[in-house]
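> what's the 3D shape of this:
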Amino acid sequence: MAASYFGNTDAVDGKPPAERAGEDEGALILVTAMDIPILPHQLQRITRSLVARMNASIPSGRFQDAVLGATFTTANTMTLSEEGPLEFEFRSVADVHLEGIAEAACRAAEEAVIHSLLQARPVRGKLGRTLETISPERLAGSFKNHEQS
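Numbers count the residues shown, from 1 in each chain. As a prediction, the model looks like this:
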């Protein structure tokens with residue numbers, strides 16, 4: 001799941017956007033759920049890979065370090081009732097497989113971001129300014145331009 005907010009067309013502290021150069025606002029929040037038996041340190045490694053990759057895709061100087069990530073798994077369920085067992089049995093994927101899992105998580109996150117862009121609706125702000133949505137054709141064209149550079 002991806003939730004994003006990039007850009008503020010309203011005045012902040014009395015300054016309009018044109019006077020706030022270098023003060024870009026925005027955030028991308030990624031929540032990744034999986035049903036793969038992985039351990040907490042493996043979840044952290046996958047989340048770090050995901051956040052680093054998303055940060056790298058943001059143009060330099062804009063919203064850097066504005067990507068937040070949370071990853072969890074439902075594969076090893078356990079009951080923590082008062083009378084639960086003293087020991088738990090669980091499964092875990094070997095660390096050598098984490099790169100492939102992280103790659104799959106990154107691709108899923110990229111797809112979620114693209115989907116969120118295509119689901120956006122026009123926004124009408126102060127003074128009647130409207131921010132239009134991006135068409136699928138324009139989005140595809142921007143990918144083609146990015147691949148060529």
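> So for the protein, the centremost residue is which one?
Leu30 (3.3 Å; Cα atoms, centre = their mean).
> Secondary structure of it: a strand, I assume?
Yes. Under DSSP: H, G, I helix; E, B strand; the rest coil, Leu30 sits within a strand.
> Flag the shaky bits of this structure, pLDDT-wise.
The chain contains residues with pLDDT under 70 at 4-26, 58-65, 79-82, 84-85, 145-149.
> how about the strands in it?
Ranges of strands within the chain are 2-6, 26-34, 67-73, 123-124, 130-131, based on DSSP state E.
> orientation of the second one relative to strand 67-73 in degrees?
Relative orientation of strand 26-34 versus strand 67-73 (axes from the mean of the first three to the mean of the last three Cα atoms, to 10 degrees): 10 degrees.
> if we can go back for a sec, adding distance to Ala104 as columns, could you present the strands of the chain in CSV?
Glycine gets a C-beta too; all of them are placed from N, C-alpha and C. Formatted as CSV, the strands of the chain follow (distance: least, Cβ to Cβ, whole Å):
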stretch, distance to Ala104
strand 2-6, 15
strand 26-34, 9
strand 67-73, 12
strand 123-124, 33
strand 130-131, 33
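> isn't the residue nearest to the centre of the chain right up against Ala112?
Yes. In this structure, Leu30 is within contact of Ala112 by Cβ atoms under 8 Å, at 7.4 Å.
> Common neighbours of the two, please.
Here Leu30 and Ala112 have Met1, Ala2 as joint contacts, going by Cβ atoms under 8 Å, 6 or more residues apart in numbering.
> need the helices for the protein, in chain order.
Here the chain has its helices, by DSSP state H, at 40-57, 98-119, 136-148.
> Tabulate those helices (JSON lines), appending distance to Phe88 and mean neighbour count.
Output for the helices of the chain, formatted as JSON lines (distance: least, Cβ to Cβ, whole Å; neighbours: other Cβ atoms under 10 Å):
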{"stretch": "helix 40-57", "distance to Phe88": "13", "mean neighbour count": "16"}
{"stretch": "helix 98-119", "distance to Phe88": "22", "mean neighbour count": "15"}
{"stretch": "helix 136-148", "distance to Phe88": "45", "mean neighbour count": "10"}
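> and Phe72, which of the ones you listed is closest to it?
Of all those, helix 40-57 sits nearest to Phe72, with 6.9 Å by Cβ to Cβ.
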